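*Asks:* pasting the sequence and the predicted model now:
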Amino acid sequence: MSKPIIGILSSRADIPIPNGQSITVEYINKVYCEAIMRAGGIPILLPVTSDPDAAEQMFSLCSGMLFPGGVDVDPKFYGEAPDPLIGTIDCVMDRFWLQALDFALDHKLPLLGICRGMQLVNVGLGGSLRDTGYAFHGSALVVLRHLRMGYLWDRVRVQGGAYGSFISHNRATGSLVFLSYRDPNVERTLETYHNAADYLGNLSLSREDVARAVVGAIGDMDAYMLPGAKGSTAMWRNLCGDTEEIRARIREEALGTTLKDFHDFAPWLARVLTKATPCALGGSDVEKAANAAGWTLKKLL
């Protein structure tokens with residue numbers, strides 16, 4: 001019986017050499033290779049390439065994939081502006097890894113994410129606001145920040161015990177995603193996501209609370225960025241046609257946010273949630289939740 005081939009996504013780094021030069025190396029952790037071999041598999045390195053056809057050929061060799069740790073994922077791939085303290089990013093590597101993830105999901109390959117890899121394959125529930133007919137309004141920045149910093153923080157992190165939870169909306173694609181990680185209560189978290197629209201629809205906030213939410217959202221828009229983050233953001237804006245005029249309009253809409261905007265956003269969120277696709281990665285607790293919900297279940301190890 002042939003052994004399964006497990007592809008390990010490689011990371012890249014520049015290594016200095018004499019004369020002030022450097023070389024770029026592709027690498028994987030030896031520990032992962034040893035663990036796969038002990039489990040009866042054959043590990044292979046999947047080197048980063050910008051050629052999608054070559055990548056597909058590599059992926060087709062695999063019976064499963066491992067997404068290991070590495071540098072930060074570029075925030076543009078999940079619709080956020082770069083954090084001012086973000087570390088090294090590699091857009092080419094991110095695209096390659098995301099292509100690998102799409103291939104694994106399309107071909108129902110077992111996969112495992114570790115650290116950076118876990119950021120790509122976490123507990124999630126996502127859909128598209130654009131598919132509901134929603135036209136983006138700057139007040140959504142305020143509403144979504146309130147959900148992230150209040151509703152999700154209290155119910156998923158503080159009460160539910162997850163290490164973190166957030167909601168992300170990509171204006172360029174319309175995608176809307178709820179995420180949590182290191183989450184011991186998958187069923188409860190998914191229920192929290194589904195109840196978010198009702199929460200907004202019945203929300204009561206004082207003018208001071210709304211003002212604080214607006215200030216926080218504007219602060220996110222104007223966050224300090226290091227030179228690398230500024231360059232990445234400028235490239236993303238240029239590619240997506242995100243002009244100064246558009247951002248100025250969004251800013252004015254965000255500044256004018258009222259409680260009515262929170263209530264008005266609720267039915268749009270509800271429409272997304274009715275069509276959203278849940279996904280969870282984890283151990284026995286996730287397996288129990290998956291069996292109870294009738295989800296497709298894949299054992300990785």
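*Replies:* Yes, it's here.
*Asks:* residue contacts, S139?
*Replies:* E253, A254, G256, T257, T258, D261, F265 (CB atoms under 8 Å, 6 or more residues apart in numbering). Yep, even glycine has a C-beta here, placed from its N, CA and C like the rest.
*Asks:* isn't the fourth one up against R145?
*Replies:* No - here T257 does not reach R145: they are 10.2 Å apart, not a contact under CB atoms under 8 Å.
*Asks:* just to revisit the earlier point, just the buried ones among the contacts of S139, please.
*Replies:* Buried by 16 or more other CB atoms under 10 Å: E253, A254, T257, D261, F265, out of the contacts of S139.
*Asks:* just checking the distance from the helix or strand containing A54 to the centre of its chain.
*Replies:* For A54, the element it lies in under DSSP states H and E is helix 52-59. Mean-position distance between helix 52-59 and its chain equals 23 Å (CA atoms, centre = their mean, to the nearest Å).
*Asks:* and S165, what helix or strand is that in?
*Replies:* strand 164-169.
*Asks:* partners of the very next helix or strand once past that strand in the sheet?
*Replies:* Per DSSP H and E, the first helix or strand lying C-terminal to strand 164-169 is strand 175-181. Strand pairing for strand 175-181, determined by DSSP bridges: strand 123-128 (antiparallel), strand 164-169 (antiparallel).
*Asks:* quick revisit: show me which pair in the contacts of S139 is furthest apart.
*Replies:* Comparing all pairs in those by CB to CB, the longest separation belongs to G256 and F265, at 14.2 Å.
*Asks:* tell me where the stretch 1-150 of the chain has helices.
*Replies:* Remark: helices assigned in the stretch 1-150 of the chain by DSSP state H, counting those that start in this stretch are 30-38, 52-59, 91-106, 116-120, 139-146.
*Asks:* out of these, the one nearest E245 is which?
*Replies:* helix 139-146 (16.8 Å).
*Asks:* mutual contacts of T257 and R145, please.
*Replies:* Common neighbours of T257 and R145 (CB under 8 Å, 6+ apart) are A213, A217.
*Asks:* alpha carbons only: can I get the helix or strand hosting F262 in PDB?
*Replies:* In this structure, F262 is located in helix 259-275 according to DSSP H and E. Output in PDB follows, covering the C-alpha atoms of helix 259-275 (Å, rounded to 0.1, in the frame of the first residue of the first chain):
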ATOM      1  CA  LEU A 259     -28.200  54.500  16.200                       C
ATOM      2  CA  LYS A 260     -30.500  54.200  13.200                       C
ATOM      3  CA  ASP A 261     -27.600  53.000  11.100                       C
ATOM      4  CA  PHE A 262     -27.000  50.200  13.500                       C
ATOM      5  CA  HIS A 263     -30.600  49.100  13.200                       C
ATOM      6  CA  ASP A 264     -30.600  49.600   9.400                       C
ATOM      7  CA  PHE A 265     -27.600  47.300   9.000                       C
ATOM      8  CA  ALA A 266     -29.300  44.400  10.900                       C
ATOM      9  CA  PRO A 267     -31.500  43.100   8.100                       C
ATOM     10  CA  TRP A 268     -28.600  43.100   5.700                       C
ATOM     11  CA  LEU A 269     -26.500  41.100   8.100                       C
ATOM     12  CA  ALA A 270     -29.400  38.700   8.600                       C
ATOM     13  CA  ARG A 271     -29.600  38.000   4.900                       C
ATOM     14  CA  VAL A 272     -25.900  37.200   4.700                       C
ATOM     15  CA  LEU A 273     -26.100  34.800   7.700                       C
ATOM     16  CA  THR A 274     -28.900  32.800   6.100                       C
ATOM     17  CA  LYS A 275     -26.600  31.900   3.200                       C
END
